[in-house]
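K.L.:
the amino acid sequence is not available; the structure is as follows:
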């Protein structure tokens, strides 16, 4: 078959020295270069393994594109469904075969554009549209992203709650590839499988300040496991505010608050006394509660005990689900900055607690060092995600070579117990 013009790129490059004197008319194509030539219709050379016309393709089979080696080689393949979702694939080294490496979605319409060049370098192209058959799934896998849309601190993880447990690593990999997090400015990040139904996403470092984060799912119609297909999911958009970090040194009895790296306040505090030591590690602000009733009985202290208490606490910033707060503690002002006398919370004067309450937002960082307490656990008591080193965090991804550690039994659900 004759396609004009026929030029190989290596020939064009070789002629460049000559054409500096003789002019560009020696090069092919209307503008003097083979790449400027209009691609010919390569319908006779390029083949697909999907039916044409009204017949629907089987989404369980990969898409395959081929060209006879005598006719040339494939240079590019783009396969996109009607929602804008791109289909990943691989091209063989000799350029004669391309196949998809991600599953096709059921009940979807794809448009495939294949570019090639023939034996003489002339560009050819073929475009094909096809539909995959709809599948009546016995179960649909629904995904709910969190937190709610809004502005958060730079420590806020993204969560994905699945409606159906996913245990098989291959199935988890399909899910994880489809859950996309795009940040502006861009970051390096990864999902972590907390258990069979919950995933967390965090960057290697904290999110940049003033960032925009878009979270979407490409699972619609994708086969995750036998009779389990992905359902549509509501996208999530978040922004981050300024980088606010509070560092509490339990040994020095002070809290240092920074905004975008600059110290904006140093506050005398008291933390957990022996037997009730405050947890070390990085925590994330979960909520702000203007007034909270705190009772010793909720953490096992008898009402008649000398350690017992029943107090209405103000300007309470929650950092664990089990009841650790940063809050106003006017009864311990004499100890703040000097000794630790609380039952686990970080206490400060009412004026400083009000300032702190008005300064931070959910997602901001609250870190404790120098305490005799245990380390904040990663997942069972709030967002302790940042206490896992990045290398360890990556092991929780189904896309890593090493299997994710099973933390289902490691971290038990915490009780809601205020620790005044």
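P.N.:
Looks like it came in fine. Only a predicted model underlies this, so the values are computations on that prediction, with no experimental measurement involved.
K.L.:
please enumerate the strands of the stretch 201-350 of the chain.
P.N.:
Secondary structure of the stretch 201-350 of the chain (DSSP state E, counting those that start in this stretch): strands at 212-217, 223-225, 228-230, 236-240, 244-249, 254-259, 262-268, 281-284, 287-295, 310-318, 325-328, 346-348.
K.L.:
and the fifth one, average pLDDT?
P.N.:
Model confidence over strand 244-249 averages 98 on the pLDDT scale.
K.L.:
please tell me how far residue 173 sits from residue 190.
P.N.:
Between residue 173 and residue 190 the computed distance is 13 Å (C-beta to C-beta, to the nearest Å). C-beta here means a position set from N, CA and C on the backbone, and glycine is covered the same way.
K.L.:
with residue 168 instead?
P.N.:
Separation of residue 168 from residue 190 (C-beta to C-beta) stands at 19 Å.
K.L.:
ok, and what's touching stretch 48-61?
P.N.:
63-66, 103-108, 112, 128, 130-135, 221, 223 (C-beta atoms under 8 Å, 6 or more residues apart in numbering).
K.L.:
repeat that for stretch 355-362.
P.N.:
147, 151-153, 156, 241, 244, 246, 255, 257, 259, 264-265, 267, 284-288, 315-317, 326, 348, 366.
K.L.:
need the helix or strand of this structure with the lowest average pLDDT.
P.N.:
When the helices and strands of the chain are scored by mean pLDDT, DSSP states H and E, helix 16-22 comes last with a mean of 34.
K.L.:
coming back round to it: with neighbour numbers in mind, choose between residue 173 and residue 190.
P.N.:
residue 190 (19 against 16; other C-beta atoms under 10 Å).
K.L.:
show me what contacts residue 173?
P.N.:
Residue 173 touches 398, 399, counting by C-beta under 8 Å, 6+ apart.
K.L.:
any idea how far it is from residue 144?
P.N.:
For residue 173 relative to residue 144 (C-beta to C-beta), the value is 20 Å.
K.L.:
could you do residue 380 as well?
P.N.:
20 Å.
K.L.:
between these two, who's got more neighbours?
P.N.:
Of the pair residue 380 and residue 144, residue 380 is the one with more neighbours under other C-beta under 10 Å, namely 17 against 13.
K.L.:
which residues do residue 173 and residue 190 both contact?
P.N.:
Shared contacts of residue 173 and residue 190, defined by C-beta under 8 Å, 6+ apart, comprise residue 399.
K.L.:
for residue 125, list each beta-bridge partner.
P.N.:
On the basis of DSSP bridges, residue 125 is bridged to residue 41, residue 115.
K.L.:
quick one: it and residue 42 touch, right?
P.N.:
Yes: taking contacts as C-beta atoms under 8 Å, residue 125 lies within contact range of residue 42: 5.9 Å.
K.L.:
shared neighbours of those two, which are they?
P.N.:
Overlap of the contact sets of residue 125 and residue 42 (by C-beta under 8 Å, 6+ apart) consists of 114, 116.
K.L.:
of those two, who's got more company?
P.N.:
Each of residue 125 and residue 42 has its neighbours counted (other C-beta under 10 Å); residue 42 has more, 24 against 17.
K.L.:
what sits against the more buried one?
P.N.:
Counted by C-beta under 8 Å, 6+ apart, residue 42 has contacts 67, 114, 116, 124, 125, 126.
K.L.:
OK, contacts around residue 183?
P.N.:
189, 203, 207, 208, 211, 212, 213, 214.
K.L.:
check which residues of the helix or strand that it is a member of are buried.
P.N.:
In the assignment (DSSP states H and E), residue 183 maps to strand 179-184. Buried residues in strand 179-184, counted by 16 or more other C-beta atoms under 10 Å: 179, 181, 183.
K.L.:
closest to residue 88 out of those?
P.N.:
Nearest to residue 88 out of the buried residues of strand 179-184 is residue 179 (C-beta to C-beta; 14.7 Å).
K.L.:
would you mark the buried spots in stretch 81-92?
P.N.:
Buried, per 16+ other C-beta under 10 Å, within stretch 81-92: 81, 85, 87, 89, 91.
K.L.:
dump those residues to a markdown table, plus secondary structure.
P.N.:
Supplementary listing: those in a markdown table, determined by DSSP: H, G, I helix; E, B strand; the rest coil:
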| residue | secondary structure |
| --- | --- |
| 81 | strand |
| 85 | coil |
| 87 | coil |
| 89 | strand |
| 91 | strand |
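K.L.:
ok, these vs residue 390, which is closest?
P.N.:
residue 85 (29.1 Å).
K.L.:
separation between the residue lying closest to that closest one once chain neighbours are set aside and residue 103?
P.N.:
Nearest non-adjacent residue to residue 85, counting by C-beta to C-beta, 6 or more residues apart in numbering: residue 218, 5.1 Å away. Distance of residue 218 to residue 103, computed by C-beta to C-beta: 11 Å.
K.L.:
next: residue 387.
P.N.:
Distance, residue 387 to residue 103, by C-beta to C-beta: 35 Å.
K.L.:
same check on residue 225?
P.N.:
With C-beta to C-beta as the criterion, residue 225 and residue 103 are 11 Å apart.
K.L.:
again, but for residue 386
P.N.:
33 Å.
K.L.:
secondary structure class for residue 352?
P.N.:
Counting by three-state DSSP, the backbone at residue 352 sits in helix.
K.L.:
before we move on, what about residue 170?
P.N.:
helix.
K.L.:
what residues does it make contact with?
P.N.:
By C-beta under 8 Å, 6+ apart, residue 170 has no neighbours at all.
K.L.:
sheet partners, orientation included, of the strand holding residue 183?
P.N.:
Strand 179-184 is paired, per DSSP bridges, with strand 212-217 (antiparallel).
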